[in-house]
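# take this sequence and fold it.
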Amino acid sequence: MSTQNKYALITGGSRGIGKAICIQLAKDSEYEILINYKANKEAALQTLKEVEAVGGSGQIIQFDVSNFESVQTALNTWQEQQPDAIIEVLVNNAGITKDGLFMWMKPQEWNDVINTSLNGFFNVTNQLIEKMLLNRYGRIINMVSISGLKGVSGQTNYSAAKGAIIAATKSLSQEVAKRNITVNAVAPGFIITDMTADLDEATLKKMIPANRFGTPEEVAHLVAFLASKKASYITGEVIGITGGIH
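Numbers count the residues shown, from 1 in each chain. This next block holds a predicted model:
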């Protein structure tokens, strides 16, 4: 089978870290890039344009990771349209924040964050894992956060979701390792994206030993490595990319 039929799916791939990962995988691998988006089709098409600009190729695919039926329908339809295609790499990147002190947190703010980050991980990975097992190869990379490692005040919902994915990463990696499938998590600290645009960078930099925010590209290099054949003996790991925050 030609590499033309092998895909890397990046959820939430239209902006920020997800977009950087799409572009880096297009540069570093021969995978077709499958860019998932929920609502912003323009941004997804822009990411695809940038993937093509660096010599890659790909497609966009619309589904809401938090909705099991939406995920199932979109991926099944996609597979029927290209029966020879195989998704070998999955980057679970889609996530949202709804920050606030726990005492004031509304059930909706808790549920929305859990549904997108944690249930999104289940919905997409569960849909693709069987094929990876049958093919005896796969790379699953879960984008988590420093919030899930050390906790961040005002992010109890986000920390809960990301901490749960960290634990799931460790368990799932043990179930599938014999079939050459690796499952790892990447935990960024403060990265320059839309999500951190409202933060007080000057003050926060003082907490960071490297004394700066990271870039989406720095995260994307790490993900591209984990998605490669070179990383075949790394599994069940949570790799921080935080500028030294612990």
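# now the helices for this protein?
Using DSSP state H, the helices found in the chain span residues 16-28, 41-53, 68-81, 107-113, 120-135, 146-150, 156-176, 201-205, 216-226.
# check those helices for me: which has the lowest mean pLDDT.
Ranked by mean pLDDT, those bottom out at helix 201-205, with a mean of 86.
# output the contacting helices and strands for that helix.
Packing partners of helix 201-205 (3 or more CB pairs under 8 Å, 6 or more residues apart in numbering; DSSP states H and E): none among the helices and strands. Bear in mind the C-beta positions are built from the backbone N, C-alpha and C, glycine included.
# show me the contacts for the closest residue to residue 120 other than its chain neighbours.
Closest residue to residue 120 apart from its sequence neighbours, by CB to CB, 6 or more residues apart in numbering: residue 65 at 3.3 Å. By CB atoms under 8 Å, 6 or more residues apart in numbering, residue 65 lies in contact with 11-12, 36, 38, 71, 92, 94, 116, 119-120, 123-124.
# tell me which two of the residues you listed sit farthest apart.
Pairwise distances across the contacts of residue 65 (CB to CB) peak at 15.1 Å, for the pair 36 and 119.
# who has more neighbours, those two?
residue 36 (27 against 18; other CB atoms under 10 Å).
# where's that one relative to residue 131, distance?
17 Å (CB to CB, to the nearest Å).
# please apply the same query to residue 163.
Where residue 131 is concerned, residue 163 sits at a distance of 28 Å (CB to CB).
# more neighbours, these two?
Each of residue 163 and residue 131 has its neighbours counted (other CB under 10 Å); residue 163 has more, 18 against 15.
# in contact with the closest residue to that one other than its chain neighbours, which residues?
Using CB to CB, 6+ apart and skipping residues adjacent in sequence, the residue nearest residue 163 is residue 148, 4.3 Å away. Applying CB under 8 Å, 6+ apart, we find residue 148 in contact with 158-159, 161-166, 187.
# reformat these as TSV; add distance to residue 210.
Listed next are the contacts of residue 148 as TSV, based on distance: CB to CB, whole Å:
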residue	distance to residue 210
158	22
159	22
161	26
162	21
163	24
164	28
165	25
166	22
187	15
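# give me the number of residues near residue 133?
16.
# roughly how far does the spatially most central residue of the chain sit from residue 223?
By CA atoms, centre = their mean, the chain has its centre lying nearest to residue 93, at 2.1 Å. When distance is defined by CB to CB, residue 93 is 9 Å away from residue 223.
# which neighbours do the two share?
Taking CB under 8 Å, 6+ apart as the contact rule, residue 93 and residue 223 both touch 21, 143.
# buried among the contacts of residue 65? Need that as a selection in ChimeraX.
Selection of buried members from those for ChimeraX, criterion 16 or more other CB atoms under 10 Å:
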select :11,12,36,38,71,92,94,116,119,120,123,124
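# closest to residue 231 among the contacts of residue 65?
Closest to residue 231 out of the contacts of residue 65 is residue 92 (16.4 Å), distances taken as CB to CB.
# so that closest one bridges to which residues?
Applying DSSP bridges to residue 92 gives these bridge partners: residue 142.
# so what's the residue nearest to residue 59 when sequence neighbours are not counted up against?
Once flanking residues are discounted, residue 59 sits nearest to residue 34: 5.7 Å by CB to CB, 6+ apart. Applying CB under 8 Å, 6+ apart, we find residue 34 in contact with 7-10, 13, 58-61, 78, 87.
# and residue 170, by the same measure?
Residue 170 neighbours (CB under 8 Å, 6+ apart): 236, 238.
# swap in the one 10 residues further on?
Under the criterion of CB under 8 Å, 6+ apart, the neighbours of residue 180 are 136-138, 232.
# swap the cut-off to 7 Å and go again
Residue 180 sits next to 136-137, 232 when contact means CB atoms under 7 Å, 6 or more residues apart in numbering.
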